[in-house]
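# what follows is a predicted structure for the sequence shown.
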Amino acid sequence: MKKYAIVGTGHRGTQAYLCPLAKELPDCATLVAACDLNPKRAEAALDYAGLSAPVYTDFDKMLAETNPDTIIVTTKDAAHDEYIIRALEAGCDVITEKPMTTTGPKCNAIMEAEKRTGKNVAVTFNCRFMPFYVRVKELLREKIVGDIYSVHFEWMLNTDHGADYFRRWHSRRENSGSLLIHKSTHHFDLLNWWLEDEPVKVNAFGTRRFYTPDHQPHGERCLTCQYKSTCEYYLDIESDEFYKKIYLDVEDVDGYRRDRCIFSEEIDIEDTVALNIQYKGGVVATYALNAHCPYEGMKIVFNGEKGRIEVADCLGKKTLTVFNRQGDEIVYNIPQKNTLPKHLAGADQLTKDNLGGHGGSDPIMRAALFRGCTHDPLGQVADTRAGMFSLGIGAAANVSMAEGRSVELSELFDFI
């Protein structure tokens with residue numbers, strides 16, 4: 001039985017870790033403490049999850065008094081490095097939410113601390129565990145279209161999911177590093193994992209065109225906004241039991257408002273971006289993220305030596321089709337079960353079709369991380385190097401947009 005402590009008890013920390021520790025993993029993991037700058041939030045999160053553990057605002061005091069084996073880091077992205085490094089230096093392993101951190105210097109510090117202490121950092125790229133994306137990985141491994149020459153990748157966020165990033169702390173670059181760091185890290189990691197290659201150079205363009213102060217009349221927050229009766233983006237934070245408990249009822253402590261206006265003057269991240277990525281092995285990729293689409297989904301194309309793979313997950317429908325050079329169109333079945341794949345030997349099998357976040361991938365990922373994984377042929381459990389290359393594309397893109405030039409990842413990272 002391993003001892004875990006968590007730092008950061010917002011939505012992700014509570015739903016993806018505290019609740020499962022109580023209901024899904026009590027036979028192999030025990031929570032010894034929770035840490036948050038807002039102690040009322042930590043207490044509310046533990047109560048919501050049905051757990052009992054001491055609450056701390058002092059991270060180092062928590063480490064010293066509770067002696068956990070592993071720290072779960074689910075704070076604001078820009079603070080990940082601070083807690084990861086202090087946990088490593090205290091002799092703990094770390095499970096950190098993606099992105100691992102937000103900048104090259106912070107990433108370098110994490111990599112150095114992991115090497116120096118000999119402890120381990122696992123980065124939670126849950127998309128690697130989605131059955132749909134695993135099937136794409138398997139086909140690429142099988143060289144179904146031979147060597148890959150180019151990739152075209154488009155991700156669409158609608159004005160429900162996409163807008164929510166502009167309400168939260170994510171809307172400030174100092175907190176999240178931008179959507180290219182926070183959200184796109186999923187997509188960049190998938191690209192790197194699928195291609196089994198390392199990105200070397202990025203050229204990027206980005207702008208904010210939709211979530212702007214002049215989009216429509218607005219107030220400071222939804223709760224008190226005079227336009228809430230007519231605004232299609234209104235978030236009723238009082239009617240959502242979880243949001244009310246975790247955010248509204250505790251905002252007197254730190255002033256954090258979960259329902260800030262998505263058209264605020266304080267927002268400084270892009271909502272529309274386009275990238276070109278060059279890989280070490282020769283693959284060239286294009287990537288686009290739009291956070292204001294009429295529907296949610298992704299479209300990706302792999303152009304290869306023997307044909308083309310077209311993958312889509314849009315409007316509630318998943319498709320995976322291969323076109324070969326003999327004129328055949330081959331449609332592949334899409335896995336539906338959210339059960340732990342047999343190839344992840346060492347992690348106990350999930351015995352039922354568990355529901356869970358991120359397309360059902362969260363419970364599979366948790367089984368691998370918390371129950372142990374001794375055989376991982378597809379490389380689904382991600383380490384700091386995977387974390388570096390994922391955030392590296394976004395970090396290089398941020399520099400590229402700011403300076404108007406192509407940026408090599410080796411400019412930003414010491415461990416390439």
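Looks like it came in fine. Numbering: from 1, shown residues only.
# which helices and strands sit right next to the helix or strand Gly206 falls within?
Element membership of Gly206, judged by DSSP states H and E, is strand 199-207. Where contact means 3 or more C-beta pairs under 8 Å, 6 or more residues apart in numbering; DSSP states H and E, strand 199-207 is packed against helix 184-195, strand 272-279, helix 384-403, strand 407-408. From N, CA and C alone the C-beta is placed, and that goes for glycine too.
# figure out how far the shortest one is from the centre of its chain.
Relative to the chain's own centre, strand 407-408 is displaced by 23 Å; criterion: C-alpha atoms, centre = their mean, to the nearest Å.
# now the second one
Its chain's C-alpha centre and that of strand 272-279 lie 18 Å apart, by C-alpha atoms, centre = their mean.
# partners of that strand in the sheet?
Paired neighbours of strand 272-279 in the sheet (DSSP bridges): strand 199-207 (antiparallel), strand 284-293 (antiparallel).
# which among those strands is found nearest to Ser176?
Relative to Ser176, the nearest member of the strands paired with strand 272-279 by C-beta to C-beta is strand 284-293, separated by 12.6 Å.
# quick one: buried residues of that closest one?
Ala285, Tyr287, Leu289, Asn290, Ala291, His292, Cys293 (16 or more other C-beta atoms under 10 Å).
# can you check stretch 213-223 too?
Counting neighbours by 16+ other C-beta under 10 Å, the buried set in stretch 213-223 is His218, Gly219, Arg221, Cys222, Leu223.
# show me the helices in the stretch 151-300 of the chain, by range?
In the stretch 151-300 of the chain, helices defined by DSSP state H, counting those that start in this stretch lie at 161-165, 173-176, 179-182, 184-195, 241-246, 251-254, listed in chain order.
# buried stuff in the last one?
Translated: helix 251-254. Of the residues in helix 251-254, Glu251 count as buried by neighbour count, 16+ other C-beta under 10 Å.
# gap between stretch 100-112 and the chain center?
The chain centre lies 16 Å from the centre of stretch 100-112; the measure is C-alpha atoms, centre = their mean.
# compile the buried residues of stretch 213-223 into a markdown table and extend it with columns for distance to Glu408 and pLDDT.
Putting the buried residues of stretch 213-223 into a markdown table (distance: C-beta to C-beta, whole Å; pLDDT from 0 to 100) gives the following:
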| residue | distance to Glu408 | pLDDT |
| --- | --- | --- |
| His218 | 40 | 97 |
| Gly219 | 44 | 97 |
| Arg221 | 41 | 98 |
| Cys222 | 42 | 98 |
| Leu223 | 46 | 97 |
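# nearest to Ile246, of those?
For those, the nearest to Ile246 is Leu223 (15.0 Å; C-beta to C-beta).
# residues contacting that closest one?
Applying C-beta atoms under 8 Å, 6 or more residues apart in numbering, we find Leu223 in contact with Ile237, Glu238, Leu248, Arg257, Asp259.
# one more pass at 7 Å, please.
When contacts are counted by C-beta atoms under 7 Å, 6 or more residues apart in numbering, Leu223 is found next to Ile237, Asp259.
# try Lys245
The neighbourhood of Lys245, defined by C-beta under 7 Å, 6+ apart, consists of Ala44, Tyr48.
# so for it, what pLDDT did the model give?
Lys245 carries a pLDDT score of 97 in this model.
# could you do Asp383 as well?
As summarised for this prediction, Asp383 has a pLDDT of 97.
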